[in-house]
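**Q** After the sequence you'll find the predicted model.
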Amino acid sequence: QVQLVESGGGLVQAGGSLRLSCVASGGTRSNIAMGWFRQAPGKEREFVAAITWNGGTTSYLSSVKGRFTIAKDNDKNTVSLQMNSLKPEDTAVYYCAASRSPYVSGYSAGYGSWGQGTQVTVSS
């Protein structure tokens, strides 16, 4: 079982930036895709971004495309999410997830390990 620990959340004003990081340990495999999901109060968890094991393919939620960038470092077993031009609607708990396969997926069922989440709050 892969353990995932996120960091980097916080409070930021609209238009600002945050960088989330996720460190994987314990039974890690470099040939798996990684993803970020988020869950706002009263809403279902939604897909934000994913990246293949080699970083060659990425996928984004349409509303974050052009603002968020996902990156993966297999040597350090980390995945990051650079979030720019943040909006109040980006406020949520953000979760890092390890896929069951090397391929990107927007479905949470495709991910077998999850972090504890990190809060991102964007004030208007």
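**A** Okay, I see it. Residues are numbered from 1 along each chain as shown.
**Q** Give the burial count for residue 71, as a bare number.
**A** 16 (other CB atoms under 10 Å). To be clear about C-beta, it is placed using only N, CA and C from the backbone, and glycine gets the same treatment.
**Q** How much space separates it from residue 91?
**A** 23 Å (CB to CB, to the nearest Å).
**Q** swap in residue 21?
**A** In terms of CB to CB, residue 21 sits 19 Å off from residue 91.
**Q** Repeat that for residue 40.
**A** 6 Å.
**Q** okay, those two: which has more neighbours?
**A** Higher neighbour count among residue 40 and residue 91: residue 91, with 18 against 14, using other CB under 10 Å.
**Q** would you list every one of the strands in this structure?
**A** Ranges of strands in the chain, per DSSP state E, are 3-7, 10-13, 18-25, 34-39, 46-51, 58-60, 68-73, 78-83, 92-99, 111-114, 118-123.
**Q** Make TSV out of those and add mean pLDDT and distance to residue 105.
**A** TSV is the format used below for these (pLDDT from 0 to 100; distance: least, CB to CB, whole Å):
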stretch	mean pLDDT	distance to residue 105
strand 3-7	95	16
strand 10-13	98	28
strand 18-25	95	17
strand 34-39	97	7
strand 46-51	97	6
strand 58-60	97	8
strand 68-73	95	13
strand 78-83	96	14
strand 92-99	96	6
strand 111-114	94	7
strand 118-123	98	21
